[in-house]
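Student: quick one, fold the following:
(one chain, ligands or ions: 1)
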Amino acid sequence: MLLFKRRYHFAAAHRLHSPHLSDAENKAVFLQCNNANGHGHNYEFELYLEGEINPQTQMLMDLVELDKLVETHLLDEVDHVFLDKDTILFKGVITTAENIAFVFFQTLDAVLPSGVDLAAVRVYESRNNAAIYQRPEAKLPPFIYQS
Ligand code: NI
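Tutor: As a prediction, the model looks like this:
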């Protein structure tokens with residue numbers, strides 16, 4: 001079994017606001033991230049793929065094909081938009097880094113070719129925080145949790 005990592009980036013606006021909380025509670029929980037007109041991030045995310053090496057190409061997956069899938073299903077949806085307002089992916093979803101990692105995982109996992117599994121998605125919202133969603137049964141090496 002082999003792990004392969006690839007990194008992507010996009011820029012987007014969002015607002016953290018829960019419909020289950022009052023305006024005052026939202027402000028208290030999300031602080032400046034609750035700003036009514038949103039705020040922006042330069043997001044980065046990493047995909048960790050696992051599978052067997054392709055005997056013909058000696059790669060886990062064709063990178064052009066992977067980039068095309070990521071572009072079509074994720075980047076075209078989320079780059080330079082207001083995540084909460086402009087995307088179908090995040091309709092009714094609070095756009096925390098945790099939820100972005102989960103939604104990206106679900107979306108990409110559904111379109112990857114057979115024989116290639118998504119082991120994990122890590123979304124960096126800033127230099128200081130990131131969220132990882134991993135396939136529950138994935139056995140990832142400890143270094144994946146560093147930086
Ligand atoms: Ni934010």
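Student: ok, Leu63 - contacts?
Tutor: For Leu63, the contacting residues are Arg6, taking CB atoms under 8 Å, 6 or more residues apart in numbering as the criterion. Every C-beta, even on glycine, is put in place using the N, C-alpha and C of the backbone.
Student: need the strands for this protein, in chain order.
Tutor: 2-14, 39-51, 116-124, 130-134 (DSSP state E).
Student: now do the buried residues in the second one.
Tutor: Read that as strand 39-51. By neighbour count on 16 or more other CB atoms under 10 Å, the buried set for strand 39-51 is His41, Tyr43, Glu44, Phe45, Glu46, Leu47, Tyr48, Leu49, Glu50, Gly51.
Student: next, the buried residues of the longest helix belonging to the chain.
Tutor: For the chain, the helix with the greatest residue count under DSSP state H is helix 97-109. For helix 97-109, the neighbour count (16+ other CB under 10 Å) marks Ala97, Glu98, Asn99, Ile100, Ala101, Phe102, Val103, Phe104, Phe105, Thr107, Leu108 as buried.
Student: now swap in stretch 111-123 and tell me
Tutor: For stretch 111-123, by 16+ other CB under 10 Å, it's Leu112, Val116, Asp117, Leu118, Ala119, Ala120, Val121, Arg122, Val123.
Student: with Ser22 as the reference, measure out to the residue nearest the centre of the chain.
Tutor: Among the residues of the chain, the smallest C-alpha distance to the mean C-alpha position (CA atoms, centre = their mean) belongs to Ala101, namely 3.5 Å. From Ala101 over to Ser22 the distance is 27 Å, taken as CB to CB, to the nearest Å.
Student: related to what we said a few turns ago, the residue nearest to the centre of the chain and Gln134 touch, don't they?
Tutor: No. Taking CB atoms under 8 Å as the definition, Ala101 is not a contact partner of Gln134, at 9.0 Å.
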